[in-house]
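J.: model this:
(one chain, ligands or ions: 4)
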Amino acid sequence: MTHTPARESAVLGDRFGRVAADLRVSVTDRCNLRCTYCMPAEGLDWMPRPEMLTDDEMVRVIGLFVDLGVRQVRFTGGEPLLRRSLVDVVRRVGQLPNAPRMAMTTNGIGLDRLAQPLADAGLHRVNVSLDTVSPERFKVLTRRDRFHDVERGLKAAADAGLAPVKVNAVAMHSDVESPADLLAWCLDRGYQLRFIEQMPLDAQHSWDRSTMMTGAQLRTAIEERFTLTDLPAEARGSAPAEEFLVDGGPETVGLIASVSAPFCAACDRVRLTADGQVRNCLFARDEGDLRAQLRSGASDEQLTEVIRSTMWAKAAGHGIDLPGFVQPQRPMSAIGG
Ligand SMILES: Nc1nc2c(ncn2[C@@H]2O[C@H](COP(=O)(O)OP(=O)(O)OP(=O)(O)O)[C@@H](O)[C@H]2O)c(=O)[nH]1
Ligand SMILES: C[S@@+](CC[C@H](N)C(=O)[O-])C[C@H]1O[C@@H](n2cnc3c(N)ncnc32)[C@H](O)[C@@H]1O
Ligand code: SF4
Ligand code: SF4
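T.: Ligands and ions are numbered 1, 2, ... in the order given. Have a look, this model is predicted:
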């Protein structure tokens, strides 16, 4: 590969001039829910534990990303709260030189107990996934009867000051309730709701475009009850969510239209999996193997070279609409979203 100045600069760039500043770290692939758009009911093997990065390995690699210009680290999973050492990892990342902002994406189960310790360890904010306000519907969608655990988790996050508390909802046509019901519930409690288009990343490879609600369809459904006002395009930056004022604001609702309106041209994200692979895109089919290097005694410079070369190879976009699109082998639950 030709080495250009951009390829060797202090920041983590790619061939299209994008610079990664947001690292998403999957700390485990294990989960206590089985959301239908993410995992099969059973039969998905977990990563063997010896293949997972230890805390020391994970913190070392995150430190290298920070040295390369990463300014926000998001802990995700699987379910990140299932990693027993999570609070300690957060504390250690918060103590790095040039410590990044730290966020987490979680299903909220266990957050009632962990929100305060995580906030004390330095976590700044949290996004909680919740697709419905009906406990019965929750049980169907996640195959577990845990709605009230999530409800308690959300409240604990707000009480611990992990603000703003955002709620993520994957929207599908099969949903019986209106997206406006979930929005009303979130507005009442001060949570910032964002709807997400379902992406072809489920472990069972059963994604079907026709079950996905598009951003435009969601907007229409929400506008049956609320007035939405566009925010200036500049306000969005590199965020996946396009935000709208609800009934004149200040509350907002977000639409993450990854499939119908991709935001890849402004992408500033890079990913680290729990088994130590760098992914330059949610949909990447190749990964940079940091674990092998780490365990064969690589220097920081050698690890940095793996990160840089993986990022340099990043594609322009996810290519879902291209004829040759192939879903990555690694499922959403082992990437982290
Ligand atoms: N296509 C695509 N989807 C993404 C990307 N980053 C996050 N998402 C999806 O957006 C949804 C919400 O993700 P979150 O983990 O809450 O992250 P976020 O929206 O960047 O978080 P905030 O910074 O709090 O707005 C999930 O379904 C993610 O898979 C991305 O880089 N590309
Ligand atoms: C993979 S989960 C991992 C973190 C945590 N378990 C949770 O659910 O928040 C991260 C995010 O991806 C979203 N997600 C999962 N499968 C998806 C899919 N097929 N399409 C779009 N988003 C998906 C979830 O709703 C969640 O907001
Ligand atoms: S979306 Fe999150 S909570 Fe649901 S099965 Fe996937 S990893 Fe678990
Ligand atoms: S699909 Fe890939 S390139 Fe597009 S925004 Fe997501 S991570 Fe970035």
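
J.: quick one: contacts for Ile222?
T.: Counting by Cβ atoms under 8 Å, 6 or more residues apart in numbering, Ile222 touches 179-180, 183, 228, 253. Just so you know, the C-beta spots here come from the backbone N, C-alpha and C atoms, and that holds for glycine as well.

J.: test my guess that Arg194 contacts Ser258.
T.: No: when contacts are counted by Cβ atoms under 8 Å, Arg194 is not listed as touching Ser258 (11.5 Å).

J.: find residues that contact each of these two.
T.: Shared contacts of Arg194 and Ser258, counting by Cβ under 8 Å, 6+ apart, come down to nothing at all.

J.: for the stretch 1-150 of the chain, which residue gets nearest to ligand 4?
T.: Arg18 (8.1 Å; Cβ to the nearest ligand atom).

J.: residues near that residue, how many?
T.: 20 (other Cβ atoms under 10 Å).

J.: is Ser309 in a helix, a strand, or coil?
T.: helix (DSSP: H, G, I helix; E, B strand; the rest coil).

J.: any idea how far Leu12 is from it?
T.: 11 Å (Cβ to Cβ, to the nearest Å).

J.: between these two, which is the more surrounded one?
T.: Taking other Cβ under 10 Å, Ser309 and Leu12 do not tie; Leu12 has more neighbours (25 against 15).

J.: what sits against the more buried one?
T.: Counted by Cβ under 8 Å, 6+ apart, Leu12 has contacts 19-21, 65, 68-70, 270, 307-308, 311.

J.: report the separation between it and Gly336.
T.: Where Gly336 is concerned, Leu12 sits at a distance of 18 Å (Cβ to Cβ).

J.: next one: Asp22
T.: 12 Å.

J.: which secondary structure element is home to the closest residue to Leu193 other than its chain neighbours?
T.: Once flanking residues are discounted, Leu193 sits nearest to Cys186: 4.1 Å by Cβ to Cβ, 6 or more residues apart in numbering. Here Cys186 sits within helix 179-189, counting by DSSP states H and E.

J.: same question for Val66.
T.: Assigned by DSSP H and E, Val66 falls in helix 55-67.

J.: residue boundaries of the strands in the protein?
T.: Counting by DSSP state E, the chain has strands at residues 22-26, 72-76, 101-106, 125-129, 166-171, 192-197, 228-230, 242-246, 252-256, 269-272, 277-279, 288-289.

J.: quick one, what contacts the closest residue in space to Thr214 that isn't next to it in sequence?
T.: Spatial nearest neighbour of Thr214, chain neighbours left out: Ser260 (4.5 Å); criterion: Cβ to Cβ, 6+ apart. Listed by Cβ under 8 Å, 6+ apart, the contact set of Ser260 reads 197, 214-216.

J.: mind checking which of these are in helices?
T.: Among the contacts of Ser260, the residues falling in helices (DSSP state H) are 215-216.

J.: roughly how far apart are the spatially closest residue to Ala292 that is not a sequence neighbour and Asp67?
T.: Leaving aside its chain neighbours, Ala292 sits nearest to Gly276 (7.9 Å; criterion: Cβ to Cβ, 6+ apart). In this view, Gly276 and Asp67 are 17 Å apart by Cβ to Cβ.

J.: so those two - more neighbours on which side?
T.: Remark: of Gly276 and Asp67, Gly276 carries more neighbours, 22 against 16, as counted by other Cβ under 10 Å.

J.: return the residues of the stretch 201-337 of the chain in contact with ligand 1.
T.: 239-241, 256, 258, 267, 269, 282, 337 (Cβ under 6 Å from any ligand atom).

J.: which residue does the protein bring closest to ligand 2?
T.: For the chain, Cβ to the nearest ligand atom, closest residue to ligand 2: Gly337, 2.9 Å.

J.: spit out the contact partners of that residue.
T.: Contacts of Gly337 by Cβ under 8 Å, 6+ apart are 24, 76, 105, 282.

J.: redo that, cut-off 6 Å
T.: Thr76 (Cβ atoms under 6 Å, 6 or more residues apart in numbering).

J.: give me the number of residues near the residue in the stretch 201-337 of the chain that ligand 3 sits nearest to?
T.: Nearest residue of the stretch 201-337 of the chain to ligand 3: Ser333, at 4.3 Å (Cβ to the nearest ligand atom). Ser333 is flanked by 26 other residues according to other Cβ under 10 Å.

J.: gap between it and Leu82?
T.: Distance from Ser333 to Leu82, by Cβ to Cβ: 11 Å.

J.: do the same with Arg24
T.: 17 Å.

J.: the two: who's more crowded?
T.: Between Arg24 and Leu82, counting by other Cβ under 10 Å, Arg24 is the more crowded of the two (21 against 18).

J.: measure Ala99 to Arg91 for me?
T.: From Ala99 to Arg91 the distance is 10 Å (Cβ to Cβ).

J.: more crowded one of the two?
T.: Under the criterion of other Cβ under 10 Å, the comparison of Ala99 against Arg91 puts Arg91 first, with 18 against 15.

J.: contacting residues for the more buried one?
T.: Contacts of Arg91 (Cβ under 6 Å, 6+ apart): Ala121.
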